[in-house]
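Colleague: The following block contains a protein sequence and its predicted model.
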Amino acid sequence: MKRLTATTVFCLLLFSTAFVTGKGPSAVPEYPDSLRSVWLYTEGIKQNTIARDSIRARELFHEAIRSDSTYAPAYYELAANGMYASPDEAVELARTAFRLDTTNKWYHQFYGQALIYAGRYDDALKVYRRLQTDNPKDPDNYRILAALYEQKQNPFMALVTLDSAELRFGRIPLLSVMKRRLLVATNQIDKALVEARAMVDDAPYEVQHHVVLGDLYAIAKKDSLARAEYARALAIDSTNVQTLMALADFHAERQDYRSLLAVTRQLFRSDDLPLETKIKRFGQFTSDTRFYREYYFQLNDLASTLAIRYPDDKRVVELYARHLIASGELEQALALYKNHLADEPPVEDYFRTVIDIESYLQHPDSVEKYVTRALELFPGKVDFHISKGHVMSYAKQYDKAVKAYKESLRFADTDSLKGSIWGMIGDAWHQKAIAGAPEWDETRIAQSAKSGSYRKDMKECYKAYDRSLGYWKDNPVVLNNYAYFLSLEERDLERALTMSSRVVALTDNNPTYLDTHGWVLFKLGRLDEAKKVLQKAVALDGQKSPELMVHYGDILHELGEQFMAEIYWRRALEKEYDAQQIEMRLKQPAKSPKPQE
């Protein structure tokens, strides 16, 4: 049997009534004129509170007003219903409700609230002055009136209002807090202390009262009294976060950092302080390198505390690992990350960091191991495929490196990333082409260039570079390498110059890129220009790169500046450049100085 809902029953009742009276089912019951607005208002309340249909409720309230324009409850409900959406309209409706029934304190108070919400503080101040006069037994009127005076930047009138409330009602904690804050704001610290001491006397076992009094003593520079109050608060509850935070701020203000870190250690042991706050505080402490160095042992203790209390939280693992790395404990950081590689669900970033650290430590076997594991877990992550390519390149398995890089292209989702990967493919082909010849050994590279295998591999290299530039025409790494390799082969030099010039224009005084540009100019025979560019590159580099100094020496030699050329060649030798190459250069006969342009 079909069950009847409450709505169905209501409709049946309505229909049966209409049948008896001889009227259709859609007819609205007739009421005396004086009750129609009441019925509409009541229906509006039902729609708003039971059916949750605020739109229909507002229609009924408006209809009630059309039926009786003096019906104050409908104005009040309309104001309350729309205050947040239309504050100014709500003010007008609330004002009307109050004017129609000035004896109703709820309408009066709501009118004041609507004015505050609409930001009309001057008008709200007038309303709450009258409310205080009309209803002096409500302490909330004093509170809001004092807040309005404060908003109007009249703290002294706010204090007068709160004093009046205290005379009438005695000490109310909420109003006392307001009064104390206003006294501090107006620099009446002694009076604020009187208020705070009174609160302590009224409730001596309330921790927060001792903390407030301690804070005020601290403001008044009465440090011994402040410490005494914090100590009393801790004696009541030694784990209270509010007390510990206040004490930490007290020590920080006085730059007593050892005491600050000791209190912070207590905070870090507390479950009541959110982990997010602890992490933020640790970040603040460690943002200053000098502070980090001076208080390393205390900060290490804080980091260890977090690591012990939250061993599986990813944020804490990262924090502790970064701390270990900053401390030079790279192996410990690596061990920490490795311990979490079996976490469920697995965390990609842990694998990335392990791979990065193992790569930095030059452990190719370990890198390969963790790259393989990462690809098993995250086969669609492009960076792990790229890392596999790097591993194969490092192992001099260039064909496998090219294969890995090409596999990563399946997951590259931007043109710039595809351009970068094609650049890596080109680099792998170049490494294969010069396999066995050091990068700096241009003589051997030139000899290799005569072989068929070199030509074949370099052809693939340049094809990959062209593909790269097709995706990202201003890829500075590819443009630089492309130009430099062409200059070593001494072909397409004008194209090489165009590319190196573009790199210099795109980047900000990068010594490596300036070196390439100067070297291309040198190969073109534009020696004076080459000298200026290499001179700048050497200065920017701070004479760190032996290859750069060799190039500069070669240019000086061609210009006939043999003495300076030998100086830079010898400096390159000191930087562990190949001795045989330097010896060969030193044996070259000096050239006549070139005439100045």
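Modeller: That came through, no problem. Numbers count the residues shown, from 1 in each chain.
Colleague: wait, residue 117 sits on residue 80?
Modeller: No: using CB atoms under 8 Å, residue 117 is not in contact with residue 80, being 11.1 Å away. In short, each C-beta sits where N, CA and C put it, glycine included.
Colleague: Could you tell me which residues touch both of these two?
Modeller: residue 90 (CB atoms under 8 Å, 6 or more residues apart in numbering).
Colleague: In terms of helices and strands, where is residue 195?
Modeller: According to DSSP states H and E, residue 195 maps onto helix 189-202.
Colleague: Spatially nearest residue to residue 556 (excluding sequence neighbours)?
Modeller: Leaving out its chain neighbours, the residue that sits closest to residue 556 by CB to CB, 6 or more residues apart in numbering is residue 565, at 3.9 Å.
Colleague: you'd agree that neighbour is up against residue 551?
Modeller: No: in this structure, residue 565 is not within contact of residue 551 by CB under 8 Å, at 10.8 Å.
Colleague: Just give me the neighbour total for the residue nearest to residue 556.
Modeller: By the criterion of other CB atoms under 10 Å, residue 565 has 24 neighbours.
Colleague: tell me the SS of the nearest residue to residue 435 once chain neighbours are set aside?
Modeller: Nearest residue to residue 435, sequence neighbours excluded (CB to CB, 6+ apart): residue 396, at 6.7 Å. What DSSP: H, G, I helix; E, B strand; the rest coil gives for residue 396 is coil.
Colleague: now the one 10 residues further on
Modeller: At residue 406 the chain is in helix, as set by three-state DSSP.
Colleague: show me the contacts for it.
Modeller: Applying CB under 8 Å, 6+ apart, we find residue 406 in contact with residue 425.
Colleague: So it versus residue 422, what's the distance?
Modeller: Per CB to CB, to the nearest Å, residue 406 is found 9 Å from residue 422.
Colleague: quick one: low-confidence parts of the chain?
Modeller: 1-34, 436-451, 595-597 (pLDDT under 70).
Colleague: Just want the most central residue of it.
Modeller: Closest residue to the average C-alpha location of the chain: residue 280 at 11.6 Å, with CA atoms, centre = their mean.
Colleague: where's that residue, which helix or strand?
Modeller: According to DSSP H and E, residue 280 maps onto helix 275-286.
Colleague: other SSEs contacting that helix?
Modeller: Identification of packing neighbours for helix 275-286 by 3 or more CB pairs under 8 Å, 6 or more residues apart in numbering; DSSP states H and E yields helix 257-268, helix 289-294, helix 296-309, helix 314-326.
Colleague: These: which one's closest to residue 60?
Modeller: Nearest to residue 60 among the helices and strands packed on helix 275-286 is helix 314-326 (52.9 Å), distances taken as CB to CB.
Colleague: got the angle between that closest one and helix 296-309?
Modeller: 150 degrees (axes from the mean of the first three to the mean of the last three CA atoms, to 10 degrees).
Colleague: Show me what counts as buried in the following helix or strand past helix 314-326.
Modeller: As assigned by DSSP H and E, the chain's next helix or strand after helix 314-326 is helix 330-339. Neighbour-count burial for helix 330-339, counted by 16 or more other CB atoms under 10 Å, picks out 333-334, 336-338.
Colleague: Out of these, the closest to residue 296 would be?
Modeller: Nearest to residue 296 out of the buried residues of helix 330-339 is residue 333 (CB to CB; 15.5 Å).
Colleague: how about that closest one, what does it touch?
Modeller: Applying CB under 8 Å, 6+ apart, the residues contacting residue 333 are 321-322, 324-325, 357.
Colleague: how does it look with 10 Å?
Modeller: 320-327, 353-354, 357 (CB atoms under 10 Å, 6 or more residues apart in numbering).
Colleague: For the helix holding residue 280, buried residues please.
Modeller: Within helix 275-286, the residues scored as buried using 16+ other CB under 10 Å are 278-279, 281-282, 285-286.
Colleague: Contacts for that helix, please.
Modeller: 241, 245, 248, 252, 257, 260-261, 264, 267-270, 273-274, 291-292, 295-296, 298-299, 302-303, 305-306, 309-310, 313, 315-316, 318-320, 322-323, 326.
Colleague: try it again with 6 Å
Modeller: 268, 292, 299, 302, 315 (CB atoms under 6 Å, 6 or more residues apart in numbering).
Colleague: now do stretch 156-172
Modeller: Counting contacts by CB under 6 Å, 6+ apart, the residues outside stretch 156-172 that touch it are 139, 142, 145-146, 149-150, 175, 179, 182.
Colleague: Now for residue 425: which residues touch it?
Modeller: 402, 405, 464.
Colleague: got a markdown table for these, with neighbour count and distance to residue 160 too?
Modeller: Formatted as a markdown table, the contacts of residue 425 follow (neighbours: other CB atoms under 10 Å; distance: CB to CB, whole Å):
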| residue | neighbour count | distance to residue 160 |
| --- | --- | --- |
| 402 | 22 | 83 |
| 405 | 26 | 78 |
| 464 | 25 | 82 |
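Colleague: now those in CSV, with distance to residue 576?
Modeller: Converted to CSV, the contacts of residue 425 look like this (distance: CB to CB, whole Å):
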residue, distance to residue 576
402, 31
405, 31
464, 31
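Colleague: Pick the one among those closest to residue 514.
Modeller: Of these, the one sitting nearest to residue 514 (CB to CB) turns out to be residue 464, at 24.8 Å.
Colleague: ok, so what distance separates residue 40 from residue 489?
Modeller: According to CB to CB, residue 40 stands 93 Å off from residue 489.
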